[in-house]
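In: Predicted model follows, preceded by the sequence.
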Amino acid sequence: MKTSFELIAEFRDDQGKGASRRLRHAGRVPAILYGGQREPRALSLDHTKLQLALDNEKFYSSIMQLKVGDQTQAAILRDVQRHPWRNQIVHVDLQRVYENEKIRLAVPLHFSGDAVSPGVKTEGGMMSHLKNELLVECLPKDLPEFLDVDTSGLHLNQSLHVSDIKLPAGVVSVELAGGKNPSICAVHTMRAEEVEAPVAAAAAEGAAAAPAAGAAPAAGAAPGAAPAAAAAGDKKPAEAAKKEEPKKDAKK
């Protein structure tokens, strides 16, 4: 069974939000170790050492040696909870590993040959990676750190599927075993973004809006005629009232 990492852990008996908060303030990360038909065990890990391990891609697909006091347990990482905005690990889940028990783990895919593939180099296509990892099942001794994917032979509008990945002996794809064979990468035609289209549409809308806005002045022959006419219309009732006043006085 290959192991690449080693972490020193401590047992913790205090549980709950308050206890976990105190651990984090002390530079520790609450953790839980489960699996192997044994009871789960609460642990704590050093935050700095765990952060360094998590920065390495291999850590996510490797078997680690977990040392707790004078005991050593092989384990794999199952889940990581991080703080929403701080660079802080909040909690981790670990699973026990035994040599005779198969495990399921996501293994990263390493692509090579993108730039020299005919679809990209001579046919004007673009390579898209649709999957970055593959879920596999195997014994711990057969677990690969990564899987190679050679894309150098892809032409335009061609793709590779999970079934095209060469898996090591003893390693099985969970998706293939379940009857699925999704694409992992493809070469497709590049589409130029039509940047000028929105600008042209905006110009057309502006041109259409200009006559509509000027329709009222056009009927009056000169700009500002409509407002002037309205102002003149407002004066007519007042002038008519003034002319009627002398007539009333004359009758008296």
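Out: Right, received. Where do you want to start?

In: What pLDDT is listed against the residue nearest to residue 54 when sequence neighbours are not counted?
Out: Nearest residue to residue 54, sequence neighbours excluded (CB to CB, 6 or more residues apart in numbering): residue 80, at 6.7 Å. Heads up, the C-betas are built off the backbone N, CA and C, glycines and all. pLDDT for residue 80: 96.

In: give the contact list for residue 80.
Out: 54, 89, 91, 92, 93 (CB atoms under 8 Å, 6 or more residues apart in numbering).

In: wait, which of these is closest to residue 191?
Out: residue 54 (37.1 Å; CB to CB).

In: from what I can see that closest one touches residue 89, true?
Out: Yes - judged on CB atoms under 8 Å, residue 54 makes contact with residue 89 at a distance of 7.1 Å.

In: Between the two, which has more neighbouring residues?
Out: Remark: of residue 54 and residue 89, residue 89 carries more neighbours, 19 against 15, as counted by other CB atoms under 10 Å.

In: quick one, what contacts that one?
Out: Counting by CB under 8 Å, 6+ apart, the residues that residue 89 touches are 29, 47, 50, 51, 54, 80, 81, 82, 83.

In: The protein: strands as residue ranges?
Out: For the chain, the strands defined by DSSP state E cover 5-11, 28-35, 38-46, 64-68, 71-82, 89-96, 103-112, 125-129, 133-138, 147-150, 159-161, 172-173, 183-189.

In: Redo the ones you listed as JSON lines? Include distance to residue 18.
Out: Shown next, in JSON lines, are these (distance: least, CB to CB, whole Å):
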{"stretch": "strand 5-11", "distance to residue 18": "18"}
{"stretch": "strand 28-35", "distance to residue 18": "12"}
{"stretch": "strand 38-46", "distance to residue 18": "14"}
{"stretch": "strand 64-68", "distance to residue 18": "23"}
{"stretch": "strand 71-82", "distance to residue 18": "17"}
{"stretch": "strand 89-96", "distance to residue 18": "15"}
{"stretch": "strand 103-112", "distance to residue 18": "34"}
{"stretch": "strand 125-129", "distance to residue 18": "44"}
{"stretch": "strand 133-138", "distance to residue 18": "36"}
{"stretch": "strand 147-150", "distance to residue 18": "43"}
{"stretch": "strand 159-161", "distance to residue 18": "50"}
{"stretch": "strand 172-173", "distance to residue 18": "44"}
{"stretch": "strand 183-189", "distance to residue 18": "46"}
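
In: Any regions of the stretch 1-150 of the chain where pLDDT drops low?
Out: Residues of the stretch 1-150 of the chain meeting the criterion pLDDT under 70: 1-3.

In: Repeat the analysis, applying 50 as the threshold.
Out: Along the stretch 1-150 of the chain, no part satisfies pLDDT under 50.

In: Tell me, how many residues neighbour the closest residue to residue 104 other than its chain neighbours?
Out: Leaving aside its sequence neighbours, residue 104 sits nearest to residue 137 (CB to CB, 6+ apart; 4.9 Å). Residues near residue 137, counting by other CB under 10 Å, number 16.

In: what are the bridge partners for residue 137, then?
Out: residue 104, residue 172 (DSSP bridges).

In: Verify the stated contact: residue 177 with residue 135.
Out: No - at 9.9 Å, residue 177 and residue 135 do not qualify as touching, with contact defined as CB under 8 Å.
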